[in-house]
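1. Got a predicted structure plus its sequence, pasted below:
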Amino acid sequence: MVVIDVLNDAGGRELLQNKYGLRRVPVLAKGDQYAMGQMLEPFAKLAGVTMDGNQQLSPEQLYKKYEMIFAAAQRYVRQLPAECMQERVIENRERVIRTLCYHIFRIGEAFLETWEGAEYSQKIADNEPPQGMTGPDIAQYGASVWKRYEAWWQGLEDRSLSRVLKTYYGDTVAHRVFERCTWHSAQHCRHLMAVLERLGIPIDGPLTAADLAGLPLPERLWE
């Protein structure tokens, strides 16, 4: 197996785009076939790996995890000094801290938009925060998105999330999309905790392994 880091391997991104027409990672490619890493089942199937022991959290469990993740992210954003917000999250990636903070909540908002009929496109959650939006403003934005989640959950008739949603990785049951959005925001929360540690700021209520148990998160922080 050959692993290509599209950020650091020369020509890696061009190979992905030119051969497969893709701009997103992770991707597993085998000959002319490929599977997007956003959904584990097709990824594992192409890799020839069984997932018999994989237990998916229920929608209600995911909702409670996401509530905890949103609350944690709001705390962390409020801890960040204003002068650090335009620094890069890590040196070899262009995303700055301010954008990362906004992205955590935007992922969740994008799920609600998809539930209402939008397509979960490749760029739907990649918006930059509005000009002039400060850290406290972003935290407040996150709180407002979660208010929408509370209303959505309270009014939800099908709590199995069996509806099929349109996404850039194919038509997918909403339960799977909700799981992906939950762990995606959680992974970026881990990044935000790493940023706070790097800045020497004690984390206000760090998320633990037990908090995140059951989410299909990468083992390593920057994968």
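-> Received it, and whenever you're ready, just let me know what you need.

2. going forward, measure contacts between C-alpha atoms and count neighbours the same way
-> OK.

3. How about T114: what's its closest non-neighbour residue?
-> Y120 (5.7 Å; Cα to Cα, 6 or more residues apart in numbering).

4. Run through the bridge partners of that neighbour.
-> For Y120, the beta-bridge partners are T167 (DSSP bridges).

5. what ranges do the strands span in the protein?
-> Assigned by DSSP state E, the chain shows strands spanning 27-30, 33-36, 164-165, 172-173.

6. Name every strand pairing with the last one and say which way it goes.
-> It stands for strand 172-173. Using DSSP bridges, the strands paired with strand 172-173 in its sheet are strand 164-165 (antiparallel).

7. and the residue nearest the centre of the chain, how far is that from R190?
-> Among the residues of the chain, the one closest to the centroid is H184, at 2.0 Å (Cα atoms, centre = their mean). H184 sits at a distance of 10 Å from R190 (criterion: Cα to Cα, to the nearest Å).

8. what does I203 give?
-> I203 sits at a distance of 11 Å from R190 (criterion: Cα to Cα).

9. just E150 next, same as before
-> Using Cα to Cα, E150 is found at 24 Å from R190.

10. same check, this time on Y120
-> To R190, Y120 is 23 Å away according to Cα to Cα.

11. These two: which has the busier surroundings?
-> Remark: of Y120 and R190, Y120 carries more neighbours, 23 against 18, as counted by other Cα atoms under 10 Å.

12. Residue ranges of each domain in the protein, please.
-> By the assignment in automatic domain parsing, the chain contains the domains 1-54, 59-198.

13. can you redo the ones you listed as a markdown table with mean pLDDT?
-> Shown next, in a markdown table, are the domains of the chain (pLDDT from 0 to 100):
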| stretch | mean pLDDT |
| --- | --- |
| domain 1-54 | 61 |
| domain 59-198 | 97 |
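
14. and among those, the most buried is which?
-> domain 59-198 (a mean of 17; mean count of other Cα atoms under 10 Å).

15. same for the longest helix along the chain, what does it pack against?
-> Longest helix in the chain by number of residues (criterion: DSSP state H): helix 174-198. Counting contacts by 3 or more Cα pairs under 8 Å, 6 or more residues apart in numbering; DSSP states H and E, helix 174-198 packs against helix 59-79, helix 97-115, strand 164-165.
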